[in-house]
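Q: Next one to model:
(one chain, ligands or ions: 1)
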Amino acid sequence: MPRIPADEILIAGRWRRGGGLPIHTVDPADGSLITTVHAASPADVDEAAHAAAEAAAAPEWRDLPPHRRARVLYRIGDLLEEHADALSALQTADTGKTLGETRALALSAAGTFRYTVAALETAEDALTPPRGPYVTMSTYEPIGVVGAVNPWNSPIASDAQKVAPALAGGNAVLLKPAEWTPLVSLAFGRLVHRVLTEERLPTALLAVLPGKGRIVGDAIVRHPLVGRIGFTGGTTTGRAIARAAADKLVPASLELGGKSPTIVREDADTEQALAGVMYGIFSSSGQSCIAGSRLFVHASRYDAFVGELVERVRKLRVGPGTSPDTQVAPLVHHAHRDAVAAAVDLARKEGGRVLCGGSAPEGERYAKGAYYLPTVIDSLPNSARACQEEIFGPVLVALPYEDEDELVAQANDSVYGLACGIWTRDARAAWRLGRRIEAGTVWINTYKQFSISTPFGGMKDSGLGIEKGRDLIRAYQRQKSLYWGTDSTPLPWAN
Ligand code: NAD
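A: Residues are numbered from 1 along each chain as shown. This next block holds a predicted model:
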């Protein structure tokens, strides 16, 4: 793994200290300081944007044939795989997540680059059917400079999902990692920088600009040279970004929050559903946009299913992400843990019954970390805040339902529409429900499985636009139509 001096960030193709407020990155497993990152300032963003615009327009990048650009991306994918262990360790220190999960994220980032290579190699411009004496063609061109603003929960995967298609599309990228997790994005930047250097390409094609709060993200989004924004994060921030994009009239894709229903029908396979429901909410300690945080169980099975679920949730192993035993790791930082605890306290006040968890674990091992026990709550109506608001922690709310219409009404009674899980042995019911639930992704008898070849996006307040899938590069390009006259038919006003 290349050296990661945290006092340097990647601005305008060079590694140097940023001029912004320092970020103290803390290991959430024990509260220890990992390092201090000298983050970017708005002036750094401006410098990076100008250098990126120049890099994007440089003939050696602009005119690089797709198969050569593909080679660059493939090499980045190789390096991500080669350094998966180091990237995983860094991400676990930064986010708290288990090593198993962060390794899978690093490998998925490598897979994203390779898939993008395939999409790039096979992308074609289109000849459109002529309707007159001309040939018409639709082509795709780079946008120029793209802003990529990401959250903290799966940093390297989110980075790859934006940077790979943006570079493939012929652009330069200003990448803004979240304040809590800048380290893995900086390491990713080191790998990309190395490949660009080896290939003698402009190194300003990628800038990595960590920042405190909203300052740097806001400066990127509003910068006049940034012609497209790829954003993943909370819905409130997404709205602010959409407004900024509207002011500039540039496209923005928004991957936002969720409060996803997971449904256990009367005919579900109990073992499969128990494992899936638990994994759906408690993996990543619930810090996942697609977490299945609202559980609907058919009333005929509610007591038995929820009773067994609670027994098993009590046995989940809570511990540091570095321990091979751990199933539920700490939350990303202490203030977030406190926000999760406050949401559970509010659920109690609203009449919720906490069936398990509901506090930080006790004991020396947990004393300094940002831990919270996996929690199951019931006896709340779907209108309660715990059922409507994204908690983004290991908190599941369980609700019984009587019939399908009532289930669909409740499941869809949410501002969000990101994901849904359905556990059933009845294929027709699965299909029917899958069509009726308002969600960008529906999993049937599985949950939280991802494929880069399958488009992903949210409905309602969960987002706008699609990432991944065969058209992933097109989202980072501009379409242009060309007409080429093929005979000498005079135009109407010709003499
Ligand atoms: P956040 O919205 O607070 O921050 C996301 C990023 O935006 C950060 O880099 C932040 O610094 C930046 N930012 C904040 N304010 C900004 C502004 N005004 N202008 C520009 N940039 C700004 O989100 P978070 O707390 O980091 O992440 C958690 C959220 O992300 C959850 O809501 C989760 O559901 C969502 N998420 C969604 C997906 C998805 O694919 N739909 C995936 C992962 C996470």
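
Q: what about the helix ranked longest in the chain and the ligand, touching?
A: Secondary structure of the chain per DSSP state H: the longest helix is helix 99-122. No - judged by C-beta under 6 Å from any ligand atom, helix 99-122 stays clear of the ligand, getting no closer than 11.6 Å. In this view, the C-beta of every residue, glycine as well, is placed from N, C-alpha and C.

Q: and after that helix, which helix or strand comes next?
A: Going down the chain from helix 99-122, the next helix or strand is strand 126-128, by DSSP states H and E.

Q: Given the next helix or strand along the chain from that following strand, what are its sheet partners and their directions?
A: The helix or strand immediately downstream of strand 126-128 is strand 134-142, counting by DSSP H and E. Partners of strand 134-142 in the sheet, by DSSP bridges, are strand 126-128 (antiparallel), strand 477-485 (antiparallel).

Q: Can you get me the centre-to-centre distance for the longest helix of the chain and its chain?
A: 14 Å (C-alpha atoms, centre = their mean, to the nearest Å).

Q: Ok, stretch 24-31 next?
A: Using C-alpha atoms, centre = their mean, the offset of stretch 24-31 from its chain centre is 22 Å.

Q: Likewise for stretch 339-359?
A: With C-alpha atoms, centre = their mean, you get 27 Å for stretch 339-359.

Q: quick one: what helix or strand has whatever residue of the chain ends up closest to the ligand in it?
A: For the chain and the ligand, the shortest gap (C-beta to the nearest ligand atom) falls at G217, measuring 2.2 Å. Using DSSP H and E, G217 falls within helix 215-222.

Q: which strands and helices sit next to that helix?
A: helix 42-57, strand 145-149, strand 172-176, strand 226-232, helix 235-248 (3 or more C-beta pairs under 8 Å, 6 or more residues apart in numbering; DSSP states H and E).

Q: that older thread, check contacts around the residue of the chain closest to the ligand.
A: 149, 176, 211, 237, 241 (C-beta atoms under 8 Å, 6 or more residues apart in numbering).

Q: can you pull the pLDDT of it?
A: Looking at G217, its pLDDT is 98.

Q: if I look at it, how far off is R190?
A: 22 Å (C-beta to C-beta, to the nearest Å).

Q: pretty sure C356 is in contact with V310, am I right?
A: Yes - counting by C-beta atoms under 8 Å, V310 is a contact partner of C356 at 4.9 Å.

Q: right, and the strands paired with strand 134-142 - which one's nearest L10?
A: Closest approach to L10 among the strands paired with strand 134-142 (C-beta to C-beta): strand 477-485, 24.0 Å.

Q: List the contacts of that closest one.
A: With C-beta under 8 Å, 6+ apart as the criterion, strand 477-485 contacts 128, 133-143, 169-170.

Q: Serialize those residues to JSON lines and add fields for pLDDT and distance to L80.
A: Conversion of those to JSON lines gives the following (pLDDT from 0 to 100; distance: C-beta to C-beta, whole Å):
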{"residue": "T128", "pLDDT": "89", "distance to L80": "38"}
{"residue": "P133", "pLDDT": "91", "distance to L80": "50"}
{"residue": "Y134", "pLDDT": "92", "distance to L80": "45"}
{"residue": "V135", "pLDDT": "94", "distance to L80": "41"}
{"residue": "T136", "pLDDT": "94", "distance to L80": "40"}
{"residue": "M137", "pLDDT": "94", "distance to L80": "35"}
{"residue": "S138", "pLDDT": "94", "distance to L80": "33"}
{"residue": "T139", "pLDDT": "95", "distance to L80": "30"}
{"residue": "Y140", "pLDDT": "96", "distance to L80": "26"}
{"residue": "E141", "pLDDT": "96", "distance to L80": "28"}
{"residue": "P142", "pLDDT": "98", "distance to L80": "23"}
{"residue": "I143", "pLDDT": "98", "distance to L80": "24"}
{"residue": "G169", "pLDDT": "98", "distance to L80": "19"}
{"residue": "G170", "pLDDT": "98", "distance to L80": "21"}
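
Q: Let's have these in a markdown table, adding neighbour count and distance to the ligand.
A: Below are those laid out as a markdown table (neighbours: other C-beta atoms under 10 Å; distance: C-beta to the nearest ligand atom, whole Å):
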| residue | neighbour count | distance to the ligand |
| --- | --- | --- |
| T128 | 12 | 33 |
| P133 | 10 | 47 |
| Y134 | 14 | 42 |
| V135 | 13 | 40 |
| T136 | 15 | 36 |
| M137 | 14 | 34 |
| S138 | 13 | 29 |
| T139 | 13 | 30 |
| Y140 | 17 | 24 |
| E141 | 13 | 26 |
| P142 | 22 | 23 |
| I143 | 20 | 18 |
| G169 | 25 | 20 |
| G170 | 23 | 24 |
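
Q: with those in mind, which one is nearest to T424?
A: Using C-beta to C-beta, the contacts of strand 477-485 come closest to T424 at G169, 40.4 Å.
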